[in-house]
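In: Have a look; sequence and predicted model below, questions after that.
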Amino acid sequence: MTSCKLLMFVLVSGAQAQSPAEVTGFQALLQRGRELQQSGRHQDSLRLFEKALRKAEGMGPLSESIALEWVGSAYFKLRRLAESERALVRCLDLRNRLFGAGNERDPNHARILTSLGSVKLLLGRYKQAEGRFDMAI
């Protein structure tokens, strides 16, 4: 299953209380932001990911964690490392509350930990980076 298909599956299965229009709008913002990011338009992608995050805050912690991952990624691409770190830490906190020990078997969780480790590495926090990379493994 590709990451886009997986994202859509997670959003649809986790968004029971949201209207289809809310879920569709959220998915569209993430998809367009991802396309912009892939084309190197990181500032534009960040604007869409932040809009998706505002929408996700009313949709619940799963949607919020997904949006935070993309916000953190956009900040990283823009080398706004402190903001990337805050978004990724918040994302991991939400995921830990949602899934607990289930995160240990989730490759998406490992990818987020690796992203946060990369941020810590660039900030010169080598011991913290090593800890995140170890957790990802």
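Out: Received it, and whenever you're ready, just let me know what you need.
In: tell me the contacts of the residue nearest to the spatial centre of the chain?
Out: Nearest residue to the geometric centre of the chain (Cα atoms, centre = their mean): residue 69, 1.2 Å. Going by Cβ atoms under 8 Å, 6 or more residues apart in numbering, residue 69 touches 87-88, 91, 112, 115. No exception for glycine: its C-beta is placed from N, CA and C like everyone else's.
In: Can you get me the centre-to-centre distance for whichever helix or strand it is part of and its chain?
Out: Following DSSP states H and E, one finds residue 69 within helix 61-77. Counting by Cα atoms, centre = their mean, to the nearest Å, helix 61-77 is centred 3 Å from the centre of its parent chain.
In: Quick one: low-confidence residue ranges for the chain.
Out: 1-17 (pLDDT under 70).
In: how about the strands of it, start to end?
Out: With strands called from DSSP state E, the chain shows none.
In: what are the ranges of the helices in it?
Out: 3-14, 20-38, 42-56, 61-77, 81-99, 107-122, 126-136 (DSSP state H).
In: and among those helices, the most buried is which?
Out: Neighbour counts (mean count of other Cβ atoms under 10 Å) averaged over each of the helices of the chain peak at helix 61-77, with a mean of 23.
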